[in-house]
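A.B. asks: one predicted model, sequence on top.
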Amino acid sequence: MEKKSGLVEEFKKFIMRGNVMDMAVGVIVGGAFTAIVTSLNQDILTPILGIFGGIDFSNLAVKLGSGENAPVLAYGNFITAVLNFLITAFVIFMLVKGINALNDRLSKKPEEPAAAPTTKTCPYCKSTIAIDATRCPHCTSMIEE
């Protein structure tokens, strides 16, 4: 029994990790985003491209052979899938670029003024000494302020 509970606990720990949860959210949002891009391509871009070329990509096909049961090579659907991919990749690129720009803008902190110096150089022996020293510990010269 102890082995099962250990396995269950380990599985719970794995599932509750941040990166697994982030991945799950990404897959869900990606699925919804794909539906939007597919609709954009099929309902908006394909008809607009059809005006210029008079071609609806989804109906492009070649029948391989003759007869009722001959296989059909639907290359129009492939063109639509490629357009969906390119549109999705471009939109994701623009989103990531925008998020990175926003992140850069928000993460830039004003530069802090330089800290006041804590040391100075002895004018006689050129050793580094404390800023408030009145005598050099190396050459024992009196330091004038």
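C.D. replies: Looks like it arrived, so ask away. Residues are numbered from 1 along each chain as shown.
A.B. asks: low pLDDT regions in the chain?
C.D. replies: Segments of the chain classed as low confidence (criterion: pLDDT under 70) are 1-4, 18, 46, 49-50, 52-56, 145.
A.B. asks: show me how the record splits it into domains.
C.D. replies: For the chain, the domain assignment from automatic domain parsing gives the residue ranges 2-107, 114-145.
A.B. asks: report the central residue of the protein.
C.D. replies: Nearest to the geometric centre of the chain sits residue 96, at 5.3 Å (Cα atoms, centre = their mean).
A.B. asks: how close does it sit to residue 61?
C.D. replies: Applying Cβ to Cβ, to the nearest Å, one obtains 36 Å for the distance of residue 96 from residue 61. Heads up, the C-betas are built off the backbone N, CA and C, glycines and all.
A.B. asks: mind listing the helices for this structure?
C.D. replies: Using DSSP state H, the helices of the chain run over residues 2-15, 18-39, 46-53, 75-107.
A.B. asks: and the longest one, which residues are buried?
C.D. replies: Taking 16 or more other Cβ atoms under 10 Å as the basis for neighbour counts, the residues of helix 75-107 that come out buried are 76, 80, 83, 84, 87, 88.
A.B. asks: there's contact between the third one and residue 48 in this structure, I believe.
C.D. replies: The one in question is residue 83. No: if you go by Cβ atoms under 8 Å, residue 83 and residue 48 don't touch, sitting 11.7 Å apart.
A.B. asks: quick one: the buried residues of helix 75-107 as CSV, columns for distance to residue 65 too.
C.D. replies: Converted to CSV, the buried residues of helix 75-107 look like this (distance: Cβ to Cβ, whole Å):
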residue, distance to residue 65
76, 19
80, 24
83, 28
84, 29
87, 34
88, 34
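A.B. asks: this completes my enquiry, with thanks.
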